[in-house]
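S.K.: structure, please.
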Amino acid sequence: MSRFAIVTLTDAAVERVSDIVSNADSDALGIRVGVKNGGCAGMEYTVDLVTEANAADDRVEAGDHAVFIAPEAVLFLLGTQMDYEVTKLRTGFVFNNPNQTSACGCGESVTLVPASPASLENA
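M.R.: Below you'll find the predicted structure:
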């Protein structure tokens, strides 16, 4: 277990994770959050249903369920607040990430830098 939270969740995000897991057609344990190369800004967040835990994932409690953090994403997500919002134009998870340096105009991709060693020491 980590000495600091990699990701925190708002109440809206916890509720949405619960809805996703409860409505899954399988034995879902939670969701996995990661990052991948893509989009015009360079990286995209990924969110997938988890039916089998990966021992390498970090685990963040989300009510009765869990958010698993892919190991390759940890330094990019450190300090992120995960929210869920419903607006007229968009519905989905929102990542308030201190490691994000820019985003594309459509909001689908972002530029992320790994958390610095100094920020890890202060956490």
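
S.K.: so which elements touch the helix or strand hosting residue 34?
M.R.: Using DSSP states H and E, the element containing residue 34 is strand 30-37. Applying 3 or more C-beta pairs under 8 Å, 6 or more residues apart in numbering; DSSP states H and E, we find strand 30-37 packed against helix 11-22, strand 43-50, strand 65-69, helix 74-77. Every C-beta, even on glycine, is put in place using the N, C-alpha and C of the backbone.

S.K.: which positions in the longest one come out as buried?
M.R.: By neighbour count on 16 or more other C-beta atoms under 10 Å, the buried set for helix 11-22 is 13-14, 16-17, 20-21.

S.K.: let's have the helices and strands packed on strand 30-37 in a markdown table, adding mean pLDDT.
M.R.: Listed next are those as a markdown table, based on pLDDT from 0 to 100:
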| stretch | mean pLDDT |
| --- | --- |
| helix 11-22 | 95 |
| strand 43-50 | 91 |
| strand 65-69 | 94 |
| helix 74-77 | 91 |
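
S.K.: between these, which one is nearest to residue 59?
M.R.: strand 65-69 (5.2 Å; C-beta to C-beta).

S.K.: with just CA atoms, put the closest one into CSV.
M.R.: Extracted in CSV, the C-alpha atoms of strand 65-69 (Å, rounded to 0.1, in the frame of the first residue of the first chain):
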residue,chain,number,x,y,z
HIS,A,65,-15.8,-1.2,-5.2
ALA,A,66,-12.3,-0.3,-6.3
VAL,A,67,-10.4,1.8,-8.9
PHE,A,68,-7.3,0.0,-10.0
ILE,A,69,-4.4,2.1,-11.3
